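Novice: I would like the atomic coordinates for the input below:
(one chain, ligands or ions: 1)
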Amino acid sequence: MRNTLVAGNWKLNGSKASIAELLKNILAGMADGRVKSNTEVAVCVPYIYIHQVQETLEGTAIAFGSESISEHDSGAFTGEISGPMLKDFACEYAIVGHSERRTIFGEKDADTANKFAAARKHGLKPILCVGELLEEREQGITETVVARQLDAVIDLEGVEALTDGVIAYEPVWAIGTGMTASPQQAQDVHAFIRGKIAALNADVADKVQILYGGSVNGGNADELFAMPDIDGGLIGGAALKAEDFLAICSAGK
Ligand code: PGA
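Specialist: Have a look, this model is predicted:
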């Protein structure tokens, strides 16, 4: 049985003061038993606040990580943050291939695969985001797009590598829009992803956590996480408010 994972993705939000308050309140809620025992909790945060988050969370039940990672280890790559640097600050996770990185910053499938490899090489768990645009869903090519995004990683690293990370299915049209995929729409794509992996390695398919992301909130998390192939969520907007995040962390099987 796979654990549920609820991972916050803070994006370009927060200040020292707001982060201190947010983490204090989430930790207090967890101390009050508001998170199920089989639910893992993590926050992926802007690079500059990782040190603050490490000082607050190291030794607690909340894991933490970054929102991206350089594919390079060191050298002349101005503005980048590498796997060794993230490990230096005790990060456990690194999001790779978020749709905002793909669509706004032009990251390609190959870049995402290289970032997945870099995270893995340094013992970080990549959270590999995949998902289709609205027009791709309307064209009926959701599975083709998601398969292509997954194949970039599988071709580079091998299917077994997926168990070193987490997959997040995030339909781009559902991110930050309030337009959540229905539990069945999400389950259909999750089942497709797991089936595709199972065709290569049934054991990997059985083990890998597949999160759903896109307008998850305290009101819809229960129904989404109840689906057989949905193992938790990658949470944007609702991860910035302790009450909302805790409500999502208390959902699930
Ligand atoms: P959202 O973002 O929960 O605000 O839709 C999810 C994400 O982008 O990971």
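Novice: buried ones in stretch 232-240?
Specialist: Residues of stretch 232-240 classed as buried: 232, 233, 234, 235, 236, 237, 238, 239, 240 (neighbour count, 16 or more other CB atoms under 10 Å). C-beta: built from backbone N, CA, C; applies to glycine.
Novice: Could you do stretch 56-64 as well?
Specialist: Going by neighbour count (16+ other CB under 10 Å), the buried part of stretch 56-64 is 56, 57, 62, 63, 64.
Novice: elements contacting the host helix or strand of the fourth one?
Specialist: When you say that, I think you mean residue 63. Using DSSP states H and E, the element containing residue 63 is strand 62-66. Based on contacts counted as 3 or more CB pairs under 8 Å, 6 or more residues apart in numbering; DSSP states H and E, the elements that strand 62-66 packs against are helix 16-31, strand 39-45, helix 50-57, strand 93-96.
Novice: Against the ligand, how distant is residue 91?
Specialist: Here residue 91 is placed at a distance of 17 Å from the ligand (CB to the nearest ligand atom, to the nearest Å).
Novice: ok, now which ones touch the closest residue to that residue other than its chain neighbours?
Specialist: Counting by CB to CB, 6 or more residues apart in numbering, residue 91 lies nearest to residue 65, which is 4.5 Å off, once chain neighbours are set aside. Contacts for residue 65 were tallied using CB atoms under 8 Å, 6 or more residues apart in numbering; they are 42-45, 86, 91-95, 124-125, 127.
Novice: How is the residue lying closest to residue 178 once chain neighbours are set aside assigned, secondary-structure-wise?
Specialist: Spatial nearest neighbour of residue 178, excluding adjacent residues (CB to CB, 6+ apart): residue 215 at 5.3 Å. Classification of residue 215 using DSSP: H, G, I helix; E, B strand; the rest coil returns coil.
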